[in-house]
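1. what would the 3D arrangement of this be:
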Amino acid sequence: MKKITVVGSISMDLVTTTNRVPNSGETVFGEQFAMVPGGKGANQAVAMARLVPDLIEMIGAVGADSFGEEIRKNFTHNHVLIEHVGTVPQTTGIAQITLFDEDNRIIIIPGANDAVSSERFDSEWDVIADSALVVLQNEIPHQTNLAVAQYAKENGVKVLYNPAPARPTDMEMIEYVDYFTPNEHECSELFPDATLEETLTKYPNKLLVTLGVKGVTFHDGKAIQLIPAIKAKVADTTGAGDTWNGAFAIGITQGLSIKEATKFAILASHLSVQKFGAQGGMPTLSEMKGHEKYEKTWNIK
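-> The predicted structure is shown next:
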């Protein structure tokens, strides 16, 4: 199997758990605090490497600080390939995450992620051209995403693009990517003048919209499909979408149909929300295979 390459963000997540969110000017006591590696690009790379170790290449940047060092160790521990993770003068990216009422609220400080520029790429282009799939998200500069997507298309490499968080320039990407995976909120931002059904119909087998506890929906060329989520006792939803995107990427590159890859990814995200941290609950392939919802016909190796 060829490698999957992730070009994306790398951050340290500063996670606060609270049973009450303060109003303006108010101070409240939280319940728990933790620092855990994150960033959408890093999360998706780890999600994939948990399922298929030593075949996921990360392209990104960290700062010359203690967070950067910890993140590199975490990548190595999770069997993510990091030859093309650079160190830059900016601080490592930060995500401030508040966990409240079985949901999360996130503030991102990009830091080193803003320095991930395609203008600085050299051997990175060879890595991209030799990939089975390239995975992109929105926590690095748009022009880098666009340049990578265009290069991948020119070289016959499929692209999965997770437009999160959504930004107006995302629509420049859609003609160059094979899989476009916003959540329901991001989809409504990007397509404000159309219903979800109209938008799905316009982009069959390309647009897949994650709907949280309702599941995932897409148009298969004949009709709209809704693949339901699996009910779970939720500990932390942070990283659930990244787990889904990573597992979907593995499913697609291992030959599953869009529908079956979606089901495989839903199982992965179902397992992920039952543990703490964006990466903490991301399942291994053996954990997936041990679940009653795993289908032997998937034949993931």
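2. element containing G86?
-> Using DSSP states H and E, G86 sits in strand 80-88.
3. V62 now?
-> In this assignment (DSSP H and E), V62 forms part of strand 56-63.
4. just checking, what packs against that strand?
-> strand 4-7, helix 40-51, helix 66-77, strand 80-88, helix 123-129 (3 or more C-beta pairs under 8 Å, 6 or more residues apart in numbering; DSSP states H and E). In short, each C-beta sits where N, CA and C put it, glycine included.
5. of all the ones you listed, which one is nearest L196?
-> helix 40-51 (22.7 Å; C-beta to C-beta).
6. quick one: contacts of stretch 110-117?
-> The contact list for stretch 110-117 (C-beta atoms under 8 Å, 6 or more residues apart in numbering) reads 7-11, 39, 59-63, 68, 86-88, 90-94, 139-141, 143-144.
7. could you list the buried residues of that stretch?
-> By neighbour count on 16 or more other C-beta atoms under 10 Å, the buried set for stretch 110-117 is P110, G111, A112, N113, D114, A115, V116.
8. that stretch: how far from the chain's middle?
-> 17 Å (C-alpha atoms, centre = their mean, to the nearest Å).
9. please renumber so the chain begins at 237
-> With 237 as the first residue, the last one maps to stretch 346-353.
10. how long is that stretch end to end?
-> Stretch 346-353 has an end-to-end distance of 13 Å (C-alpha to C-alpha, to the nearest Å).
11. quick one on the thing from earlier: so for K511, which of the helices and strands packed on strand 292-299 sits nearest?
-> The nearest among the helices and strands packed on strand 292-299, by C-beta to C-beta, is helix 276-287 at 12.2 Å.
12. now do the contacts for I488.
-> Taking C-beta under 8 Å, 6+ apart, we find I488 in contact with L369, K394, L396, Y415, I494, A497.
13. run a quick neighbour tally on the fourth one.
-> To tie it back to what came earlier, the one meant is Y415. Neighbourhood size, Y415 [other C-beta atoms under 10 Å]: 22.
14. please apply the same query to the third one.
-> A count of neighbours around L396, defined by other C-beta under 10 Å, yields 24.
15. that one touches F484, doesn't it?
-> Yes - under the criterion of C-beta atoms under 8 Å, L396 makes contact with F484 at 7.2 Å.
16. tell me, what's touching these two both at once?
-> Y415, T417.
17. closest to the centroid, which residue in the protein?
-> Nearest to the geometric centre of the chain sits D478, at 3.1 Å (C-alpha atoms, centre = their mean).
18. contacting residues around the spatially closest residue to that one that is not a sequence neighbour?
-> Spatial nearest neighbour of D478, chain neighbours left out: N279 (3.6 Å); criterion: C-beta to C-beta, 6 or more residues apart in numbering. N279 sits next to G475, D478, T479, G482, A514, Q515, M518 when contact means C-beta under 8 Å, 6+ apart.
19. look up how far S260 lies from the first one.
-> Okay, so that is G475. From G475 over to S260 the distance is 29 Å, taken as C-beta to C-beta, to the nearest Å.
20. and the helices in this structure?
-> Taking DSSP state H as the criterion, the chain carries its helices at 276-287, 302-313, 359-365, 378-390, 420-426, 432-438, 476-489, 494-508, 521-525.
21. most packed of these?
-> Burial of the helices of the chain is given as mean neighbour count (mean count of other C-beta atoms under 10 Å); helix 276-287 ranks first at a mean of 30.
22. how far away from the center of its chain is that one?
-> On C-alpha atoms, centre = their mean, the centre of helix 276-287 falls 7 Å from the chain's centre.
23. over to stretch 331-341?
-> Mean C-alpha position of stretch 331-341 versus that of the full chain (C-alpha atoms, centre = their mean) differs by 17 Å.
24. mean confidence for it?
-> Average pLDDT, stretch 331-341: 86.
25. any buried residues in it, and which?
-> Neighbour-count burial for stretch 331-341, counted by 16+ other C-beta under 10 Å, picks out A331, I333, T334, L335, N340.
26. quick one: the residues you listed as a markdown table, columns for distance to A385 too.
-> Output for the buried residues of stretch 331-341, formatted as a markdown table (distance: C-beta to C-beta, whole Å):
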| residue | distance to A385 |
| --- | --- |
| A331 | 24 |
| I333 | 28 |
| T334 | 32 |
| L335 | 33 |
| N340 | 28 |
